[in-house]
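Q: predicted coordinates and the sequence they were generated for:
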Amino acid sequence: MNDELNAIFEAIKADPQNAEYTKQGIDPLYYVDANATILVIGQAPGKKAQDTHIIWNDASGKRLREWMGVSDDTFYHSGKIAVLPCDFYFPGKGKSGDLPPRKGFADKWHPRLLKAMPNLQLTMLVGNYALRKYLDLKSKDTLTNTVKHFRDYLPEYFPLVHPSPRNQMWMKKNPWFEAEVLPELKRRVQDALK
């Protein structure tokens, strides 16, 4: 990690908003590399990811890598894929899954980290929180409609549903996702990795 990225990492840890995590010895979880050509923006690390210090280290991550058509080694070790969640800490459990990322967190830290990645060619927005953060969506715009019309947001953003196993029913109801969206995603990922 270069000096600037290291300084940002330390600033995130020192931020009073994150004091409770830092006090417990929990570091912010994200991957940034100056050589990255692909950026995955998701919601927040899950508990397993936070405990193992490996982002997307769960069933959702396995499915995401399948959707992208990349191996674990490429995802984690190529230096070509960066990951910026909308919050760098596990937000806790809610009634129907993990709690949402904290408001304002991405606004505070993403711009500085994005500047450190000048070679990005593909930015994947994974799940509703990332879509709402980065796309100028109206309240009536649904996740399904946004993902179905993914070409409207290219080449800057590639919107995706969250790969959680909880979305299995959504995928069954929307067969166009596997038929149309995933082949295009794989193609663009491969192009960006070259």
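A: Great, that's in hand. Here the structure is a predicted model, which means the values were calculated and not measured. Residues are numbered from 1 along each chain as shown.
Q: tell me which residues of stretch 84-97 are tucked away?
A: In terms of neighbour count (16 or more other C-beta atoms under 10 Å), stretch 84-97 has its buried residues at 84-91. Just so you know, the C-beta spots here come from the backbone N, C-alpha and C atoms, and that holds for glycine as well.
Q: quick one, helices of the chain?
A: Remark: helices assigned in the chain by DSSP state H are 3-14, 19-23, 47-52, 59-68, 72-77, 105-115, 128-134, 143-148, 168-173, 176, 182-193.
Q: closest to L39 out of those helices?
A: helix 105-115 (7.9 Å; C-beta to C-beta).
Q: check which helices and strands the closest one is in contact with.
A: helix 3-14, strand 81-85 (3 or more C-beta pairs under 8 Å, 6 or more residues apart in numbering; DSSP states H and E).
Q: that helix to strand 81-85, inter-axis angle?
A: 160 degrees (axes from the mean of the first three to the mean of the last three C-alpha atoms, to 10 degrees).
Q: contacts made by helix 105-115 with the rest, please.
A: 5, 8, 12, 15, 17, 30, 32, 39, 41, 84, 86-88, 120, 133 (C-beta atoms under 8 Å, 6 or more residues apart in numbering).
Q: avg pLDDT for it?
A: Throughout helix 105-115, pLDDT has a mean value of 97.
Q: for the protein, where's the lowest mean pLDDT among helices and strands?
A: Ranked by mean pLDDT, DSSP states H and E, the weakest helix or strand in the chain is strand 97-98, scoring a mean of 82.
Q: strands paired with that strand, and their directions?
A: strand 93-94 (antiparallel) (DSSP bridges).
Q: and L99, how far from D73?
A: 31 Å (C-beta to C-beta, to the nearest Å).
Q: the more surrounded of the two?
A: L99 (14 against 8; other C-beta atoms under 10 Å).
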